[in-house]
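Student: 3D, please:
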Amino acid sequence: MKPLADRIALVTGASRGIGRAIAVRLAQDGACVGVHYRSESDKAKQTLDLIRAEGGDGFLVAADLADPAGAARLADALIGELRTRRNPPLLDILVNNAGIDDRKTIEQVSEADFDRMLQINFKSPFFLIQKLLPVMADGGRIINISSMAARLSVPTMAVYASSKAALSTLSRVLAAHLGPRGITVNAVLPGATSTDLNPITSDPQRSRAVRDTVALGRIAEPGDIAPIVAFLASPEGGWITGETIEASGGQRL
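Tutor: Numbers count the residues shown, from 1 in each chain. Below is the predicted model:
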């Protein structure tokens, strides 16, 4: 039997990149996966097609997490879907992956920039967890995709790094709070990863410079991150909670 058979998962920001890789991997391991997207329904459907092509199951769910009401709307939509699949409606795995990276120094950051990044990278995951806790299964898993930037000092990541550090800290706080229910909460911190949202990977010179800082000698692919999340979501990962797990290939050791 597959390790996540009969589990239901939600992966936010699953229309591409790391989120898509996580959604596909959880489905490969047997989970029915909610593929969240904001507006790119065609790309979200591509993720779902990949899941179904390998015999997996999933569904699409849309919400704009840049909107202060987005987390509540996503929770309502998900709970509605859960009611069609389970009685009582319960979610086993929540992966908060959706995020943005607008690289600016503190002098360049407007209040609107600040608010948008904190809304998407921290406030929406915070309140999505809050809204979903009543339907989170005891023994469930919450996995927050933070960033290695949370431990570095990169001047152009003034807001991004701060928002991801907040998400990592929240993971530790919630691990203690939800431990009595058997719910594990962990943060995964990818290093440089080749996605269309990462400007470094499209610049040969910059990508070479970053690659030279990685002990394993290359920039990650989304598929390098997904198995780590899948392990934390699995029964075998059940004794790990409150951890920040760096997935960088040994970047900047």
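
Student: From here on, just use CA atoms for contacts and neighbour counts.
Tutor: Will do.

Student: Leu91 and Glu40, how far apart?
Tutor: Using Cα to Cα, to the nearest Å, we find Leu91 at a distance of 24 Å from Glu40.

Student: Which one's more surrounded, the two?
Tutor: Neighbours were tallied for Leu91 and for Glu40 using other Cα atoms under 10 Å; the higher tally belongs to Leu91 (23 against 12).

Student: Where do the helices of the stretch 101-250 of the chain begin and end?
Tutor: Remark: helices assigned in the stretch 101-250 of the chain by DSSP state H, counting those that start in this stretch are 111-118, 124-132, 158-178, 204-211, 222-233.

Student: and the angle for the third one with helix 124-132?
Tutor: Meaning helix 158-178. 20 degrees (axes from the mean of the first three to the mean of the last three Cα atoms, to 10 degrees).

Student: Next, count neighbours for Gly191.
Tutor: Other residues close to Gly191 by other Cα under 10 Å number 21.

Student: Could you report the distance from it to Ser153?
Tutor: 14 Å.

Student: Need the residue closest to the centroid of this protein.
Tutor: For the chain, the residue nearest the mean C-alpha position is Asn97 (1.9 Å; Cα atoms, centre = their mean).

Student: Can you check the pLDDT for it?
Tutor: Note for Asn97: predicted pLDDT of 98.

Student: That one touches Thr12, doesn't it?
Tutor: Yes: using Cα atoms under 8 Å, Asn97 is in contact with Thr12, at 5.2 Å.

Student: list residues touching both of the two?
Tutor: Residues touching both Asn97 and Thr12 (Cα atoms under 8 Å, 6 or more residues apart in numbering) are Gly19.

Student: where along the stretch 51-200 of the chain do the strands fall?
Tutor: Counting by DSSP state E, counting those that start in this stretch, one finds strands in the stretch 51-200 of the chain at the ranges 57-62, 91-96, 136-145, 184-190.

Student: Understood, closing this out.
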